[in-house]
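**Q** Return a 3D structure for these sequence lines:
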Amino acid sequence: PADRERMKKEVPKNRLESNWLTHFRKPHNRQYDGKLLTDIAEMRSQDPADALFDLLLDEELAISTVGLGTNAQTLPAFVSHPAGMIASDAILFGEYPNPRTYGCFPIVLAEFVRAEKHLRLPEAIRKMTSFPAQRMGIPDRGLLRDGFKADIVVFNPKTVKTHATREDPKHYPVGIDYVIVNGAVVIDQGENTGALPGRALRRGHAST
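**A** Numbers count the residues shown, from 1 in each chain. Have a look, this model is predicted:
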């Protein structure tokens, strides 16, 4: 009880108000899937922190939390900075994963490049491909070059975008016709082929 009271004081209030929960495994908790923690607390007639702690205990710490992330006002400057690279830490847990799981890169191409012109298209592509590969010391990826792994995305820069939202996140982007991973086609004319040719990559090692 003493630790719980201490944690209630230490958890930032904005975290409790801006995060939603997903990946509930127990049937009696699935009513909370995809809901804001504050809404869940209201449903349970609890303080948000107590609701979170009780659910974590009930689900054996296996809940996934999804937050709003970076300040939208500062993100364009961060992404367009010469040292900035583009990636996502979103993961496919639960029925309501973060919409960036499906839409991180299409958002950059549709909004930061096409609509708002914070980046030129070649800059954006470099920040998603060769720049991270070089920074992570993965020497055979990130460029279209003989002997490199054939990781290729074929998209229409005029139409690429995402329809994923917080309330309805599981949507493949549009405007991406083909995706090739390690030389195998995984998206063919916009449809998933079911192929799983991806490999785990280690920093500073050529992949095999």
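
**Q** any idea where the strands of this structure begin and end?
**A** Using DSSP state E, the strands found in the chain span residues 19-22, 64-67, 152-155, 176-181, 184-188, 191-192.

**Q** Among the ones you listed, show the one with the smallest mean pLDDT.
**A** For those, mean pLDDT drops lowest on strand 64-67, to a mean of 86.

**Q** How about the residue nearest to the spatial centre of the chain, nearest residue that isn't a chain neighbour?
**A** Closest to where the C-alpha atoms of the chain average out (Cα atoms, centre = their mean) is A90, at 2.8 Å. Distance criterion Cβ to Cβ, 6 or more residues apart in numbering; nearest residue to A90, sequence neighbours excluded, is T101 at 3.9 Å. For every residue, glycine as well, the C-beta is placed using N, CA and C.

**Q** surely the one you found meets F93?
**A** No: at 9.2 Å, T101 does not count as touching F93 under the criterion of Cβ atoms under 8 Å.

**Q** what separates the residue nearest to A90 from K170, distance-wise?
**A** From T101 across to K170, the span is 8 Å (Cβ to Cβ, to the nearest Å).

**Q** More neighbours: these two, which one.
**A** Shown here are T101 and K170; by other Cβ atoms under 10 Å, T101 has more neighbours (17 against 13).

**Q** check contacts around that one.
**A** If you count contacts by Cβ atoms under 8 Å, 6 or more residues apart in numbering, T101 has them with 88, 90-92, 164, 169.

**Q** Give me the neighbour count for P48.
**A** Other residues close to P48 by other Cβ under 10 Å number 22.

**Q** Backbone torsions only: list them for P12.
**A** In terms of degrees, to the nearest 10, the main-chain angles of P12 are phi -60, psi 140.

**Q** how many neighbours does it have?
**A** P12 has 8 neighbours, counted by other Cβ under 10 Å.

**Q** With A110 instead?
**A** Residues lying near A110 (other Cβ under 10 Å) number 21.

**Q** Isn't it up against K161?
**A** Yes: using Cβ under 8 Å, A110 is in contact with K161, at 3.9 Å.

**Q** ok, the residue nearest to the centre of the chain touching P97?
**A** Yes: using Cβ under 8 Å, A90 is in contact with P97, at 6.2 Å.

**Q** helices and strands around the helix or strand of the chain with the lowest mean pLDDT, which ones?
**A** Using mean pLDDT, DSSP states H and E, the weakest-scoring helix or strand in the chain turns out to be helix 13-18, at a mean of 83. When contacts are defined as 3 or more Cβ pairs under 8 Å, 6 or more residues apart in numbering; DSSP states H and E, helix 13-18 sits against helix 37-44, helix 48-58.

**Q** Can I get the ones you listed in JSON lines including mean pLDDT?
**A** Formatted as JSON lines, these follow (pLDDT from 0 to 100):
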{"stretch": "helix 37-44", "mean pLDDT": "96"}
{"stretch": "helix 48-58", "mean pLDDT": "96"}
